[in-house]
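Visitor: Quick check, what structure comes out for this input:
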Amino acid sequence: MVPDYRDTVDLLQHKLINHIRLNQPLNNNIRYKTRFVNNTEQAIGFNFTEFSEAYRAKYISPDFEGYCNKFIEFIKPLLLNFLMEIRYGGHGFKVIIRLGGDQFEKRLTILNKSPEHGGSE
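Guide: Prediction:
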């Protein structure tokens with residue numbers, strides 16, 4: 001039985017935080033992981049204010065939009081793995097990234113192309 005997406009929100013929150021913890025540069029530069037990620041039924045939110053000032057100045061501030069796009073690419077494999085785990089064929093995600101007064105928003109669709117969903121690995 002495929003779960004209702006609402007029942008998986010906490011699981012995805014947990015997976016996102018662990019994904020960040022496993023990436024040493026991110027783990028070392030994000031103070032409070034639970035404040036950095038806020039996953040709801042409506043959107044996955046990231047609060048880039050939680051990055052250290054030095055990290056923001058070096059990597060994010062020069063090109064906020066570019067960094068946001070790279071960050072989304074970083075989480076895409078996790079989103080696919082998540083869909084495979086909950087046995088969803090695909091899902092549309094809304095990602096909202098905030099840094100001070102700046103906000104970046106992107107919608108993306110992730111498709112699970114595993115054999116049980118009509119694809120091939």
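Visitor: all contacts plus neighbour counts: C-alpha atoms, from now on.
Guide: Fine.
Visitor: packing partners for the helix or strand where Ile96 lies?
Guide: Secondary structure from DSSP states H and E places Ile96 in strand 90-99. For strand 90-99, the elements it packs on are strand 44-47, helix 64-86, strand 102-111, judged by 3 or more Cα pairs under 8 Å, 6 or more residues apart in numbering; DSSP states H and E.
Visitor: winner for burial among those?
Guide: strand 44-47 (a mean of 20; mean count of other Cα atoms under 10 Å).
Visitor: Using CSV, list the CA coordinates for that one.
Guide: C-alpha atoms of strand 44-47 as CSV (Å, rounded to 0.1, in the frame of the first residue of the first chain):
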residue,chain,number,x,y,z
ILE,A,44,10.6,22.0,1.5
GLY,A,45,12.0,25.1,3.1
PHE,A,46,15.6,25.9,3.7
ASN,A,47,16.8,28.8,5.9
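Visitor: Give me the sheet partners of it and which way each runs.
Guide: strand 37-39 (antiparallel), strand 90-99 (parallel) (DSSP bridges).
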